[in-house]
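Peer 1: what follows is a predicted structure for the sequence shown.
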Amino acid sequence: MSGNMDEVIRKRMCFFGGVQGVGFRWRAKSAANAVSATGWVRNEYDGSVTMEIQGTEAQIDRVVQAIGNGLYVRIMHMEEERIPTIPDERGFHAR
(Lines give C-alpha, C1' and ligand atoms only; values in the text may rest on other atoms or scores of the structure.)
Protein backbone atom coordinates (compact mmCIF):
# COMPACT_ATOMS: atom_id res chain seq x y z
CA MET A 1 0.00 0.00 0.00
CA SER A 2 1.44 3.38 -0.86
CA GLY A 3 1.93 5.86 1.91
CA ASN A 4 -0.15 8.96 2.34
CA MET A 5 -3.73 8.72 3.63
CA ASP A 6 -4.55 12.04 1.94
CA GLU A 7 -3.57 10.75 -1.51
CA VAL A 8 -6.47 10.73 -3.97
CA ILE A 9 -6.85 7.31 -5.57
CA ARG A 10 -9.46 5.63 -7.79
CA LYS A 11 -10.82 2.11 -7.45
CA ARG A 12 -13.02 -0.03 -9.65
CA MET A 13 -15.06 -2.20 -7.30
CA CYS A 14 -17.44 -5.04 -8.15
CA PHE A 15 -19.97 -6.17 -5.56
CA PHE A 16 -21.71 -9.55 -5.64
CA GLY A 17 -24.61 -10.90 -3.55
CA GLY A 18 -27.91 -9.21 -2.74
CA VAL A 19 -26.87 -5.89 -4.25
CA GLN A 20 -29.58 -4.99 -6.80
CA GLY A 21 -33.04 -3.71 -5.96
CA VAL A 22 -32.00 -2.93 -2.37
CA GLY A 23 -31.07 0.77 -2.57
CA PHE A 24 -27.39 0.04 -3.22
CA ARG A 25 -26.87 2.73 -5.88
CA TRP A 26 -28.83 5.37 -3.96
CA ARG A 27 -26.85 4.57 -0.79
CA ALA A 28 -23.55 4.67 -2.72
CA LYS A 29 -24.39 8.06 -4.23
CA SER A 30 -25.55 9.49 -0.91
CA ALA A 31 -22.46 8.25 0.98
CA ALA A 32 -20.04 9.37 -1.76
CA ASN A 33 -21.59 12.85 -1.84
CA ALA A 34 -21.40 13.04 1.97
CA VAL A 35 -17.60 12.52 1.90
CA SER A 36 -17.03 14.42 -1.41
CA ALA A 37 -15.85 11.32 -3.31
CA THR A 38 -16.45 11.25 -7.07
CA GLY A 39 -17.27 8.53 -9.59
CA TRP A 40 -20.22 6.40 -10.58
CA VAL A 41 -22.14 3.20 -9.77
CA ARG A 42 -24.23 0.94 -12.02
CA ASN A 43 -26.11 -2.35 -12.01
CA GLU A 44 -24.71 -5.10 -14.25
CA TYR A 45 -26.67 -7.72 -16.20
CA ASP A 46 -25.27 -10.57 -14.08
CA GLY A 47 -26.81 -9.15 -10.88
CA SER A 48 -23.62 -7.53 -9.61
CA VAL A 49 -22.95 -3.81 -9.12
CA THR A 50 -19.87 -1.99 -10.44
CA MET A 51 -18.60 1.21 -8.86
CA GLU A 52 -15.71 3.47 -9.78
CA ILE A 53 -14.90 5.75 -6.89
CA GLN A 54 -12.26 8.41 -6.47
CA GLY A 55 -11.13 9.91 -3.18
CA THR A 56 -8.79 9.15 -0.31
CA GLU A 57 -8.57 5.61 1.06
CA ALA A 58 -10.51 6.83 4.14
CA GLN A 59 -13.30 8.38 2.01
CA ILE A 60 -13.63 5.20 -0.06
CA ASP A 61 -13.69 3.02 3.07
CA ARG A 62 -16.47 5.18 4.56
CA VAL A 63 -18.57 4.84 1.41
CA VAL A 64 -18.16 1.05 1.28
CA GLN A 65 -19.01 0.82 4.99
CA ALA A 66 -22.16 2.93 4.50
CA ILE A 67 -23.29 0.72 1.60
CA GLY A 68 -22.68 -2.44 3.63
CA ASN A 69 -24.76 -1.05 6.50
CA GLY A 70 -27.82 -0.89 4.21
CA LEU A 71 -30.76 -2.80 5.67
CA TYR A 72 -31.27 -5.12 2.69
CA VAL A 73 -27.79 -5.00 1.13
CA ARG A 74 -25.96 -8.34 1.34
CA ILE A 75 -22.43 -8.08 -0.06
CA MET A 76 -21.24 -11.68 -0.39
CA HIS A 77 -18.06 -10.95 -2.36
CA MET A 78 -16.21 -7.85 -3.48
CA GLU A 79 -13.41 -7.39 -5.99
CA GLU A 80 -11.43 -4.19 -6.27
CA GLU A 81 -8.56 -2.84 -8.30
CA ARG A 82 -6.76 0.45 -8.26
CA ILE A 83 -7.08 2.34 -11.55
CA PRO A 84 -5.81 5.73 -12.80
CA THR A 85 -7.51 8.80 -11.35
CA ILE A 86 -9.63 11.08 -13.53
CA PRO A 87 -8.54 14.70 -13.08
CA ASP A 88 -11.32 17.30 -12.69
CA GLU A 89 -14.07 14.70 -12.20
CA ARG A 90 -17.15 16.24 -10.59
CA GLY A 91 -19.81 14.51 -8.52
CA PHE A 92 -20.89 10.92 -8.08
CA HIS A 93 -23.60 9.47 -10.31
CA ALA A 94 -25.80 6.40 -10.56
CA ARG A 95 -25.84 5.08 -14.12
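Peer 2: That came through fine.
Peer 1: neighbouring strands of the host helix or strand of residue 41 in the sheet, and parallel or not?
Peer 2: If you go by DSSP states H and E, residue 41 is part of strand 38-43. Partners of strand 38-43 in the sheet, by DSSP bridges, are strand 49-55 (antiparallel), strand 92-94 (parallel).
Peer 1: residue boundaries of the helices in the chain?
Peer 2: Using DSSP state H, the helices of the chain run over 24-35, 57-68.
Peer 1: quick one: the first one to helix 57-68, angle?
Peer 2: Orientation of helix 24-35 against helix 57-68 (axes from the mean of the first three to the mean of the last three CA atoms, to 10 degrees) gives an angle of 150 degrees.
Peer 1: and helix 24-35, what does it pack against?
Peer 2: strand 38-43, strand 49-55, helix 57-68, strand 92-94 (3 or more CB pairs under 8 Å, 6 or more residues apart in numbering; DSSP states H and E). Yep, even glycine has a C-beta here, placed from its N, CA and C like the rest.
Peer 1: got these as a markdown table, with mean pLDDT and distance to residue 20 columns?
Peer 2: Formatted as a markdown table, the helices and strands packed on helix 24-35 follow (pLDDT from 0 to 100; distance: least, CB to CB, whole Å):
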| stretch | mean pLDDT | distance to residue 20 |
| --- | --- | --- |
| strand 38-43 | 98 | 5 |
| strand 49-55 | 98 | 6 |
| helix 57-68 | 96 | 13 |
| strand 92-94 | 96 | 12 |
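Peer 1: could I get the ones you listed in CSV, plus columns for mean neighbour count?
Peer 2: Output for these, formatted as CSV (neighbours: other CB atoms under 10 Å):
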stretch, mean neighbour count
strand 38-43, 20
strand 49-55, 22
helix 57-68, 18
strand 92-94, 18
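Peer 1: can you redo those as TSV with distance to residue 29?
Peer 2: Formatted as TSV, those follow (distance: least, CB to CB, whole Å):
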stretch	distance to residue 29
strand 38-43	7
strand 49-55	10
helix 57-68	10
strand 92-94	5
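Peer 1: related to what we said a few turns ago, let's have the strands paired with strand 38-43 in a markdown table, adding distance to residue 16.
Peer 2: Below are those laid out as a markdown table (distance: least, CB to CB, whole Å):
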| stretch | distance to residue 16 |
| --- | --- |
| strand 49-55 | 8 |
| strand 92-94 | 18 |
